[in-house]
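# Give me a model of this one.
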Amino acid sequence: MTTSTPLLELRGITKRFPGVLANDDVSFDVRTGEVHALLGENGAGKSTLMKILFGLYQADEGQIMLRGEEATITSPTSAIEQRVGMVHQHFMLVPTLTVVENVALGLHDARKLRPDLDAVGARIREISEEYGLEVDPDIDVWKLSVGERQRVEIIKALYRDAELLVLDEPTAVLTPQEVDDLFVILRQLTAAGTGIVFISHKLHEVLALSDRITVLRNGRVTGRTVPAETDRQQLAEMMVGREVDLAPDRPIVETGPVRLSVSGLHVTGDRGTPAVVDVDLDVRGGEILGIAGVSGNGQRELAEAIAGLRQLDRGSISIDGADTTGVTPGMARAAGLSYVPEERMKDGAVGEFDVAENLLLVDHGDSRFIRNGLFDRDQIETHAARLVEEYAVKTPTLHTPTSSLSGGNIQKLIMARELDSDPLVILAAQPTRGVDIGAAEYIHRRLVEQRGEGVAVLVISEDLDEVFALSDRIAVMFDGAVVKIFDRADATRESVGLAMTGVV
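Below is the predicted model:
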């Protein structure tokens, strides 16, 4: 149903922030009934461009054209009135309300004080049936799976008669099967005439779904192509501006003794319910064990228990044969553990501290950096300068506040600090979440190098591409338990994806 008539045209969009040119003369269009993918690293300008389209920002220069006519979009309400819908990466739903109540939020009928929920529910059922968006209008949102919540967000947009739909990283938290279901829905939407902007960093998904692809880098368009004329490698190079190694070489390594052992582990989550249930894991020196699973299935609690940050209910943990059950983080580190936490600015670095201070964060009591009872500034700076150079951390100076670095460089800083301690075990939780392809490539290479040096590496990631690229074995967590462990050679996206839903 694709036509040559542009549903949307963004013409010469320029947006400046203090010290940053976020969008530089960007032109982008979407036709009726097509999926147009918008690709780019973090900071490339994708989100800014879409926030301008949705009325959250105003462009400094350029025009927005909808259906051939210039449009003024001053707010999300204005965007919705002009039939533009947006499904954000982090869902905008109230968990304690039902589906129908969430869809009704913000609806305005001048004749009534509140919308007719029965009528809203009936329309939701019509939309669900028309587009295969199966969801019960009367169920509380907190009871829904992640994939079902995403359907509610799409229903919200369609209820408001969206003709143009922006999807921001829509597959980030979905299982492979949920991704397949979403793609079926999106194809039904385009067949009915909806235009879709698809923002994603998963290159194979972009190639599978899109009709056209536009790539941004440093606020400018650096490439336009179609899936039939490109591949993952070329897209990555357009995004980064250089050759990129998407899958690190993993040479054959003879595995050594068990370095990390977890037995019968039970851990309670923040809500007082079981988060980790009877988990057994062994990781040998010279191997990478990847843990796959949809967010919220106990991965974070498992990592925190191993690192000494969360109390155990029962079970045992040992590092290189030494019992580390219930120890402090410092004692786990002394036993040989290096920990790259899931939330880098909450648990991995102190934003107000400078680069050198964060590189010293866990070693501040080391005698190498103390002289006459005071910090030896020269030694600290020499140490920091070496790590910044060795791990390619881009920073103006060693005294730059860490919070002003990019996410990828903060992650490199944490990796530098953790890997420099000659660990026996590395626990890396979501090691490349929110970082650019170039930084992810670098981090992957460093983890594989540690594997080659006989270190046991446990990688916890919700990115299945990352798990497959790094792992020698893959353990799948569902509902707090490890439901299956695959040898990498025997694992497929389908088999791992099914295990992620509890089917084994």
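# quick one: low-confidence parts of this protein?
1-4, 108-113, 364-365, 367, 434 (pLDDT under 70).
# Would you map out the domains in it?
Using automatic domain parsing, the domain ranges for the chain come out as 6-240, 258-348+423-500.
# want to try a markdown table for those, with mean neighbour count and distance to Ile414 as columns?
The C-beta positions use only the backbone N, C-alpha and C, and glycine is treated the same way. Converted to a markdown table, those look like this (neighbours: other C-beta atoms under 10 Å; distance: least, C-beta to C-beta, whole Å):
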| stretch | mean neighbour count | distance to Ile414 |
| --- | --- | --- |
| domain 6-240 | 18 | 16 |
| domain 258-348+423-500 | 20 | 4 |
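# ok, which stretches of the stretch 351-500 of the chain are strands?
Assignment of strands within the stretch 351-500 of the chain using DSSP state E, counting those that start in this stretch yields the ranges 370-371, 374-375, 425-429, 456-460, 473-478, 481-487.
# I'd like the ones you listed as JSON lines, with distance to Pro115 appended.
Written out in JSON lines, the entries for the strands of the stretch 351-500 of the chain read as follows (distance: least, C-beta to C-beta, whole Å):
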{"stretch": "strand 370-371", "distance to Pro115": "66"}
{"stretch": "strand 374-375", "distance to Pro115": "63"}
{"stretch": "strand 425-429", "distance to Pro115": "42"}
{"stretch": "strand 456-460", "distance to Pro115": "43"}
{"stretch": "strand 473-478", "distance to Pro115": "38"}
{"stretch": "strand 481-487", "distance to Pro115": "42"}
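# of those, which approaches Leu10 most closely?
Comparison of those against Leu10 by C-beta to C-beta identifies strand 425-429 as nearest, at 37.4 Å.
# Strand partners (parallel or antiparallel) of the closest one?
Strand pairing for strand 425-429, using DSSP bridges, gives strand 337-340 (parallel), strand 456-460 (parallel).
# how far is it from where the chain is centred?
Using C-alpha atoms, centre = their mean, to the nearest Å, the distance from the centre of strand 425-429 to the centre of the chain it belongs to is 18 Å.
# Burial check on the spatially closest residue to Leu398 that is not a sequence neighbour, number of neighbours?
On the basis of C-beta to C-beta, 6 or more residues apart in numbering, the spatially nearest residue to Leu398 that is not a chain neighbour turns out to be Ala356, at 4.3 Å. Close neighbours of Ala356, defined as other C-beta atoms under 10 Å, add up to 22.
# same deal with the one 3 residues further on?
Neighbour count for Leu359, taken as other C-beta under 10 Å: 27.
# Provide a list of residues in contact with it.
Applying C-beta atoms under 8 Å, 6 or more residues apart in numbering, we find Leu359 in contact with 383-384, 387-388, 413, 416-417.
# quick one on the thing from earlier: of all the strands of the stretch 351-500 of the chain, which lies closest to Gly12?
Proximity of the strands of the stretch 351-500 of the chain to Gly12 was assessed by C-beta to C-beta; the nearest stretch is strand 425-429, lying at 42.1 Å.
# And the contacts of the closest one?
With contact meaning C-beta under 8 Å, 6+ apart, strand 425-429 is reached by 259-260, 283, 299-300, 303, 306-307, 319-320, 336-342, 418-419, 447, 450, 455-461.
# again, but for stretch 265-285
Under C-beta under 8 Å, 6+ apart, the answer for stretch 265-285 is 255-264, 289, 298, 301-302, 304-305, 310-317, 424-425, 454-458, 475, 477, 479-482.
# Backbone dihedrals for Glu69, please?
Geometry field for Glu69 lists phi and psi as phi -120, psi 140, criterion degrees, to the nearest 10.
# I'd like to know how far it sits from Val166.
According to C-beta to C-beta, to the nearest Å, Glu69 and Val166 sit 19 Å apart.
# hey, where'd the helices end up in the stretch 301-450 of the chain?
Applying DSSP state H, counting those that start in this stretch to the stretch 301-450 of the chain gives helices spanning 329-334, 355-359, 377-390, 407-419, 437-452.
# Please name the bridge partners of Leu39.
The residues listed as beta-bridge partners of Leu39 by DSSP bridges are Val215.
# That one against Thr214, yeah?
Yes. Between Leu39 and Thr214 a contact is recorded at 7.1 Å, counting by C-beta atoms under 8 Å.
# what do these two both touch?
In contact with both Leu39 and Thr214: no residue, using C-beta under 8 Å, 6+ apart.
# my guess is Ile127 meets Asp161, correct?
No. Using C-beta under 8 Å as the test, Ile127 is too far from Asp161 to be in contact (10.3 Å).
# With Ala172 as the reference, measure out to the residue nearest in space to the middle of the chain.
Among the residues of the chain, the smallest C-alpha distance to the mean C-alpha position (C-alpha atoms, centre = their mean) belongs to Arg433, namely 4.6 Å. The gap separating Arg433 from Ala172 is 9 Å, by C-beta to C-beta.
# shared neighbours, those two?
Glu462.
# For the stretch 1-150 of the chain, just list every one of the strands.
Using DSSP E, counting those that start in this stretch, the strands found in the stretch 1-150 of the chain span residues 6-17, 20-31, 35-40, 61-66, 69-71, 84-87.
# Share the number of residues neighbouring Ile370, please.
Applying other C-beta under 10 Å, we find 14 other residues in the vicinity of Ile370.
# contacting residues around it?
When contacts are counted by C-beta under 8 Å, 6+ apart, Ile370 is found next to Asp376.
# Any idea what Ala429 is bridged to?
Listed beta-bridge partners, Ala429: Ile460 (assigned using DSSP bridges).
# how close does it get to Leu97?
Look at Ala429 and Leu97: by C-beta to C-beta, they are 32 Å apart.
# how about the contacts of Leu359 in a markdown table, adding neighbour count and distance to Gln188?
As requested, these are exported to a markdown table (neighbours: other C-beta atoms under 10 Å; distance: C-beta to C-beta, whole Å):
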| residue | neighbour count | distance to Gln188 |
| --- | --- | --- |
| His383 | 20 | 57 |
| Ala384 | 24 | 54 |
| Leu387 | 21 | 51 |
| Val388 | 21 | 50 |
| Leu413 | 26 | 45 |
| Ala416 | 22 | 47 |
| Arg417 | 22 | 48 |
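# now, among the residues you listed, which is nearest to Val84?
The nearest one, if we look at the contacts of Leu359 relative to Val84 and count by C-beta to C-beta, is Leu413, at 38.9 Å.
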